[in-house]
Structure formats: C-alpha cells, structure tokens
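>>> predicted model and sequence follow; I will ask about them next.
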Amino acid sequence: MSIPPSHGERRRGRTTMRRAAEGVVLAFIYVCGWLAIIILAAIALFLILNSVRALNEAGLGSMLSGTAWYPTSNPGKFGMLPLILGSLLVTAVALVVSVPLGVAAAVFISEFSGTGVKDIMKSIIEFMAAVPSVVYGLIGVAVVIPLVKDVFALNSGMTALAGGIVLGVMSLPTVISISEDALHAVPFDLRQGSAALGNTRWQTTYKVTIPAASSGIFAAVMLGLGRAIGETMAVLMLTGNAAIMPTSVLESVRTMTGTIAAEMGEVVQGGLHYSVLFAVGLVLFVITFAINLAADLVLEGQRKRWRR
C-alpha cells in the first residue's frame, strides 16, 4: 500500500513547479529580447548590403550633400538633400499640428471630462487610429489641398503644408492615447496634495500633473514623430513629389519614403538606381534610430531627475 505524500512534500513540489515555470518564462523573455536586437541588426545589415553599390559608385558624401535628384539622367544624379529636407519639413508641420492638439486633448480627457465623454472620445480616437492612411490621403486631396490653395492663393495646394496637416491628424491618436495613459498613471495623492494647498484644478494640472507625466508625454511625442516621418501613402498623394530644395512649407516637396515607394517598382533589380533607393532607406533608418536614441537619453534624464 502506497503512502500519500505529506503536506511538506506537496508544498515543496508546488514550489519546484513554480520555480521551473518562472525559469521558462524568464528564458522566453530573454530570448525575445535578444531576438528583437537580432532582427534590428539584420534589417540594418540588409540595407547596408543592398546599398554597397551606391556607396561605392555614387558616394555617401555626394548623395547626402547633393541637391539634384535626377536618377534617369546620364549620368544619374542622386542628391538626397531635397528628400531629407522634404521629410523633415513635412514632419515638422505634422508635429506643430499634432503635439498641441494631442496633449491638450489628452489633458481634457484625463483631467476634466466626465466618464461618458471620456469613453466616447477614447472610442473616436481608437477609430481614428484604425483608419487606413490612404483614406486620410483621399480626404486630404478632397479637402486640405483645395483649402491650402485657396487660403494662400497658390497655383497648387499639393505642398508640404498640406501633407504635414494630414500627417499631424494621423499622428493624433498616438499622441493622445499615450499622453492620456501617462497622465492617468500620475498618483491621485499628488492631485489631492495640490488641492490641499489651495490650487485650483487647472493649476494642479499644469503645475503638478503635467510635469509628473512629462516623460510619458515626451515618449508620446516621439512615437508621433516616428509615425509621421515613416508615413508613405499620404505624403505621396499630398506633397506634390517635387524633388527640389524646399524653401517654405508652401512648396511641393518629396520625402524619402515617397521616393522609395514611387520609384522602387520601376528600377532594375541590382542596378545603381536600385541600390541608391536602399541607401535612401538606410539614411532614413539612421535618422529614426538617432531620434529614438536621443529620446531615450532624454527620458532617462527625466527619470533620474524625478527619482531624486
């Protein structure tokens, strides 16, 4: 006749199983972390390998400083500077639109709206995030381009301003959602302490709540920036695709993403033009990586300041 295990043996058995399960989970997390790094390195290596011909024949310095983009001329001219400036100009307009509106909307949702209004606004924001970019582009073609043309008396409304406005609206869901989460995460005790000192609700918001959530708000802005600088379809439809040196937001521009999307289907695979487009992608990859790295450094500085 077998003897049933004692209570202590059963407890030790459960402890051993829990430790084994924790070990499996930790190993899975460890592998996923390294896998993300490996995938990022593989993307960078893929872009570099396909850009080798362009780097050797056209030269990275010549491409970055060149102001003429005529890839079909003989010899081809592959100046990326108009594309880089076009991307930065459209992204800057998008940030001017999305950051004030997005942060203000997040503050209203988190601090001043009632439960019913908050639920409705969150649903609308989630719906905005689900709308395809081509639909935003169509709305921009039908509404924003004629509006920009009429307001500024231009020959064409397909400008960096039109593209930036639409990109700003597209970035709003990202900025609003993450900023609202950051504001919501601020401990309620801070609000009560501020109110106890005689501050009004608005004074508490801009003196206490917003500074406490500043790192999360900054992260929301950076993600909105990434959303804007990496967009392709909307800018391809709205900015005019003129690869010239921009001098104002009221001119047609061409972005790096728009150039890759417009020309990749017409080039000879393995040719110089093909390799140059990969070099454009590599430059875009480096720019976004640098922006994210700078954002991480700023966020870490803010975390250290608040920990003190």
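Sure, I can see it.
>>> verify the contact between residue 258 and residue 236 for me.
Yes: with contact defined as C-beta atoms under 8 Å, residue 258 and residue 236 form a contacting pair (4.4 Å). (C-beta placed from N, C-alpha, C; glycine too.)
>>> tell me which of these two has more neighbours.
residue 258 (27 against 21; other C-beta atoms under 10 Å).
>>> so how far is residue 233 from that one?
For residue 258, the distance to residue 233 (C-beta to C-beta, to the nearest Å) stands at 9 Å.
>>> and residue 221, how many residues sit next to it?
Around residue 221 there are 21 other residues, counting by other C-beta under 10 Å.
>>> what helix or strand is it on?
Using DSSP states H and E, residue 221 sits in helix 214-229.
>>> return the set of buried residues in that helix.
Of the residues in helix 214-229, those buried by neighbour count under the rule 16 or more other C-beta atoms under 10 Å are 214-229.
>>> name the surrounding residues that touch it.
Under the criterion C-beta atoms under 8 Å, 6 or more residues apart in numbering, residues 87-88, 90-91, 94-95, 98-99, 102-103, 106, 167-168, 170-172, 174-179, 181-183, 185, 210, 257, 284, 287-288, 291-292, 295, 298-299, 302-303, 306 lie in contact with helix 214-229.
>>> what about the helix or strand following it, distance to the chain center?
Once the chain leaves helix 214-229, the next helix or strand it forms, by DSSP H and E, is helix 233-238. Relative to its chain's centre, helix 233-238 lies at 17 Å (C-alpha atoms, centre = their mean, to the nearest Å).
>>> list the buried residues for the helix or strand of the chain with the lowest mean pLDDT?
Evaluated with mean pLDDT, DSSP states H and E, the helix-and-strand set of the chain has its lowest mean pLDDT in helix 272-307, which scores a mean of 81. For helix 272-307, the neighbour count (16+ other C-beta under 10 Å) marks 272-285, 287, 295, 299, 302 as buried.
>>> for residue 261, give me its contacts.
With contacts defined as C-beta under 8 Å, 6+ apart, the neighbours of residue 261 are 232, 233, 236.
>>> quickly find the element holding it.
With DSSP H and E as the test, residue 261 turns up in helix 256-263.
>>> what about dumping the CA coordinates of the host helix or strand of residue 123 to CSV?
Assessed by DSSP H and E, residue 123 sits inside helix 115-130. Written as CSV, here are the backbone C-alpha positions of helix 115-130 (Å, rounded to 0.1, in the frame of the first residue of the first chain):
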residue,chain,number,x,y,z
THR,A,115,-16.9,59.3,-17.6
GLY,A,116,-19.3,59.3,-20.5
VAL,A,117,-17.4,61.9,-22.5
LYS,A,118,-14.2,60.1,-21.8
ASP,A,119,-15.5,56.8,-23.1
ILE,A,120,-16.9,58.4,-26.3
MET,A,121,-13.6,60.3,-27.0
LYS,A,122,-11.5,57.2,-26.5
SER,A,123,-13.7,55.3,-28.9
ILE,A,124,-13.3,58.0,-31.5
ILE,A,125,-9.5,58.1,-31.0
GLU,A,126,-9.3,54.3,-31.4
PHE,A,127,-11.4,54.6,-34.6
MET,A,128,-9.1,57.3,-36.0
ALA,A,129,-6.1,55.0,-35.4
ALA,A,130,-7.8,52.2,-37.4
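>>> which other helices and strands contact it?
helix 160-184 (3 or more C-beta pairs under 8 Å, 6 or more residues apart in numbering; DSSP states H and E).
>>> elements contacting the helix it packs on?
Using 3+ C-beta pairs under 8 Å, 6+ apart as the contact criterion, the secondary-structure elements in contact with helix 160-184 are helix 81-107, helix 115-130, helix 133-139, helix 145-151, helix 214-229, helix 233-238.
>>> need the contact partners of the last one.
With contact meaning C-beta under 8 Å, 6+ apart, helix 233-238 is reached by 90, 133-134, 136-138, 140-141, 144-145, 158, 162-163, 166-167, 170, 255, 257-258, 261-262.
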